[in-house]
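Trainee: Need coordinates for the below:
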Amino acid sequence: MSEEDLSGPRSGATAIERVPRGLRRLAGRGLHLYFRLSRGMTLGVRAAVLGEDGAVLLVRHTYTPGWHMPGGGVEPNETLADALTKELREEANIALSGPATLHGVFLNRHVSVRDHVAVFVVRAFTQLAPKQPDREIAEARFFPLAALPERTTPGTRRRLTEIIDGTAPTQDW
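Mentor: This next block holds a predicted model:
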């Protein structure tokens, strides 16, 4: 058996990207079924963290492909602001140094007819230290808005276009 057989392809694909697409989709549906049964509605937060130099912070997860705005689920007894603060700290070592502005709340039909995402714009922040990869976040980096990575998700691109161009947001993710 070659070294590549043991470690997987050397194409830079994450472990999750090497899992067959059908199996990833089945696992995702199983998780969403669990959330549907355990929660009436899911609510998450995401942040468009915009640097003074015009760059935006994106994260690449270990469990799903693509580049996303940092964020995550809002837990019971947690405010949107608390969830946003927690997720920015966990996913990118970002601390807010000023208020985040609500851009909009979106229905994420791609996940579930019950999934909603509140998107905030963050312009006042400090990155406490570079984010080191962990079990959840493979990478967290700032990118120029004009040079987003190829695998930036469509929802992330839509939200950033609305925020930067000042266009009216749609209701769907």
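Trainee: Give me the below-cutoff pLDDT ranges for the protein.
Mentor: The chain contains residues with pLDDT under 70 at 1-17, 32-33, 35-39.
Trainee: Helices along that one, start to end?
Mentor: 3-7, 15-18, 21-38, 80-92, 154-165 (DSSP state H).
Trainee: highest average neighbour count across those helices?
Mentor: helix 80-92 (a mean of 19; mean count of other C-beta atoms under 10 Å). All C-beta spots, glycine's among them, are computed from the backbone N, C-alpha and C.
Trainee: Which of the helices of the chain sits closest to residue 127?
Mentor: Of all the helices of the chain, it is helix 80-92 that lies closest to residue 127, at 6.9 Å by C-beta to C-beta.
Trainee: that older thread, so can I have a markdown table of the helices of the chain showing distance to residue 106?
Mentor: A markdown table is the format used below for the helices of the chain (distance: least, C-beta to C-beta, whole Å):
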| stretch | distance to residue 106 |
| --- | --- |
| helix 3-7 | 38 |
| helix 15-18 | 24 |
| helix 21-38 | 17 |
| helix 80-92 | 13 |
| helix 154-165 | 8 |
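Trainee: So which of the ones you listed is nearest residue 117?
Mentor: Nearest of the helices of the chain (C-beta to C-beta): helix 154-165, 8.0 Å.
Trainee: what packs against the closest one?
Mentor: strand 42-49, strand 101-107 (3 or more C-beta pairs under 8 Å, 6 or more residues apart in numbering; DSSP states H and E).
Trainee: Let me know whether residue 71 touches residue 48 as I believe.
Mentor: No - look at residue 71 against residue 48 with C-beta atoms under 8 Å: they stay out of range, at 9.8 Å.
Trainee: Which one's more surrounded, those two?
Mentor: Each of residue 71 and residue 48 had its neighbours counted (other C-beta atoms under 10 Å), and the higher figure belongs to residue 48 (25 against 21).
Trainee: Let me see the contact set for that one.
Mentor: The contact partners of residue 48, by C-beta atoms under 8 Å, 6 or more residues apart in numbering, come to 56, 69, 103, 119, 120, 121, 122, 159, 160, 163.
Trainee: Kindly recompute the last result at 10 Å.
Mentor: 56-58, 69-71, 100-101, 103, 119-123, 145, 156, 159-160, 162-164 (C-beta atoms under 10 Å, 6 or more residues apart in numbering).
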